[in-house]
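Chemist: kindly return the folded structure for what I paste below:
(4 chains)
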Protein chains: 2
Amino acid sequence: MSRVTNPRAYPIGALSRETGVNIETIRYYEKIGLMPRPDRTPGGNRQYTHDHLKRLSFIRKSRDLGFSIAEIRSLLGMVDQHEVSCGEVHRMTLQHLAAVRDKIAALRKLETVLEAMAAKCARGDVPACPVIDTLFDQAGA
Amino acid sequence: MSRVTNPRAYPIGALSRETGVNIETIRYYEKIGLMPRPDRTPGGNRQYTHDHLKRLSFIRKSRDLGFSIAEIRSLLGMVDQHEVSCGEVHRMTLQHLAAVRDKIAALRKLETVLEAMAAKCARGDVPACPVIDTLFDQAGA
DNA sequence: CTTGCATCTGTAGTTGCTACAGGTGCCACA
DNA sequence: TGTGGCACCTGTAGCAACTACAGATGCAAG
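Modeler: Prediction:
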């Protein structure tokens, strides 16, 4: 009985390193119920398993893909209930894809406007600033 | 002396309508010092002038272009001090443009990945969900 | 003078974390 | 066996940029 801690368990720091998710963020995910509460050492330190690692990686990747916490919760909910409805997942993916495309389109417009503004004063310092003028021009949309 | 309120002044609701900025947001901008405190009616209601309208429109447009509150504060600071350094404004615009382009590039990548994921299950409901599988694949980056 | 919408203040909630403060656990090394 | 010191603990507050109340007044028209 020399070992009190499970040799196959990771402390939170290891999980953090492996997944690239901040320690505070891991605890935050636990608080909001996205990650299950892990076992603790007698002293109270969290002990994670490989399953936790897989789950956290899933969350991390989904976040990287821009899924919201709510969306991830819904995806994991299906996984947890062993009721992965591929149709539903597909629908969520497409919906998210549409949102991403909208965002790209909006940013492109923005890019164009910014380019135009920048181009106006590209010739150096002039008394009146064209960028400021543009922003102050007519009261609204 | 029949009129107590200035006929050339707008109440906050009118300013909101003209600029498309939420009433609560206008008060918020005042609280954080982005908008100056307007005069009040004897009863305490805010009375805005055309200058306020111009300034708020400026803020609105800048926000629409994705400038942060801090950036707008800096732009307005130059305006307020009658020291509009066109070079500095130009620099800020270009910097912001670069950030926008970075964001577009990131979203494009994301779009590609999401498309690929969605395409995998486009053929209908299959026992294992390819999207979930992709997200669960190998533990990390 | 009443009706009722417009405004008022102040606080709390949103999303997704991050950053403390002030305390313990754990483990290797002597 | 003791101790140094990093890892970890809880809990709270802060970030951006608002939004959403609650509960109290202002103001103008009929």
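
Chemist: distance of the residue most central in space within chain A relative to DNA strand D?
Modeler: The centre of chain A sits closest to A:R63, judged by Cα atoms, centre = their mean, with a distance of 2.9 Å. A:R63 sits at a distance of 16 Å from DNA strand D (criterion: Cβ to the nearest atom of the strand, to the nearest Å). From N, CA and C alone the C-beta is placed, and that goes for glycine too.

Chemist: can you tell me the closest non-neighbouring residue to that residue?
Modeler: Excluding the flanking residues, the one nearest A:R63 by Cβ to Cβ, 6 or more residues apart in numbering or on different chains is A:I72, at 7.1 Å.

Chemist: the one you found and A:Y29, how far apart?
Modeler: As judged by Cβ to Cβ, to the nearest Å, A:I72 and A:Y29 stand 10 Å apart.

Chemist: common neighbours of the two, please.
Modeler: Taking Cβ atoms under 8 Å, 6 or more residues apart in numbering or on different chains as the contact criterion, the common neighbours of A:I72 and A:Y29 are A:I59.

Chemist: re earlier: so the residue nearest to the centre of chain A makes contact with A:E71?
Modeler: No: assessed by Cβ atoms under 8 Å, A:R63 is found out of contact with A:E71, at 9.8 Å.

Chemist: ok, how many other residues are close to the residue nearest to A:R63?
Modeler: 20 (other Cβ atoms under 10 Å in any protein chain shown).

Chemist: ok, stretch A:47-58 near chain B or not?
Modeler: Yes: using Cβ under 8 Å from any Cβ of the partner chain, a contact is recorded between stretch A:47-58 and chain B, made by A:53-54, A:57-58.

Chemist: name only those of the residues you listed that count as buried.
Modeler: Under a neighbour-count criterion of 16 or more other Cβ atoms under 10 Å in any protein chain shown, the subset of these counted as buried comprises A:53, A:57-58.

Chemist: for DNA strand C, state which of those is nearest.
Modeler: Distance to DNA strand C across those (Cβ to the nearest atom of the strand) is lowest for A:F58, with 12.6 Å.

Chemist: that's a helix at the closest one, yeah?
Modeler: Yes: under the criterion used here (DSSP: H, G, I helix; E, B strand; the rest coil), A:F58 sits inside a helix.

Chemist: would you mind measuring from it to A:G87?
Modeler: Between A:F58 and A:G87 the distance is 20 Å, computed by Cβ to Cβ.

Chemist: A:S57 too?
Modeler: Counting by Cβ to Cβ, the separation of A:S57 from A:G87 is 25 Å.

Chemist: and the biggest helix by length in chain A, what's its mean pLDDT?
Modeler: Longest helix in chain A by number of residues, with DSSP state H as the criterion: helix A:86-120. Here the mean pLDDT over helix A:86-120 is 91, rounded to a whole number.

Chemist: how many neighbours does the residue in chain A positioned nearest to DNA strand C have?
Modeler: Chain A approaches DNA strand C most closely through A:G43 (2.1 Å), counting by Cβ to the nearest atom of the strand. Residues contacting A:G43 under the criterion other Cβ under 10 Å number 7.

Chemist: so the residue nearest to A:M35 when sequence neighbours are not counted is in which element?
Modeler: Nearest-residue entry for A:M35: A:Y29, 4.2 Å, with adjacent residues in sequence omitted and distances by Cβ to Cβ, 6+ apart. In this assignment (DSSP states H and E), A:Y29 forms part of helix A:23-31.

Chemist: after that helix, next one along is what?
Modeler: Once the chain leaves helix A:23-31, the following helix or strand, as judged by DSSP H and E, is strand A:39-40.

Chemist: now stretch A:37-46: buried residues?
Modeler: Within stretch A:37-46, the residues that qualify as buried by neighbour count (16+ other Cβ under 10 Å) are A:38, A:46.

Chemist: same deal with stretch A:11-28?
Modeler: Buried residues in stretch A:11-28, counting neighbours by 16+ other Cβ under 10 Å, are found at A:12, A:15-16, A:19, A:21, A:25-26.

Chemist: ditto for stretch A:129-138
Modeler: Applying a neighbour-count criterion of 16+ other Cβ under 10 Å, the buried positions in stretch A:129-138 are A:129-132, A:134-135.
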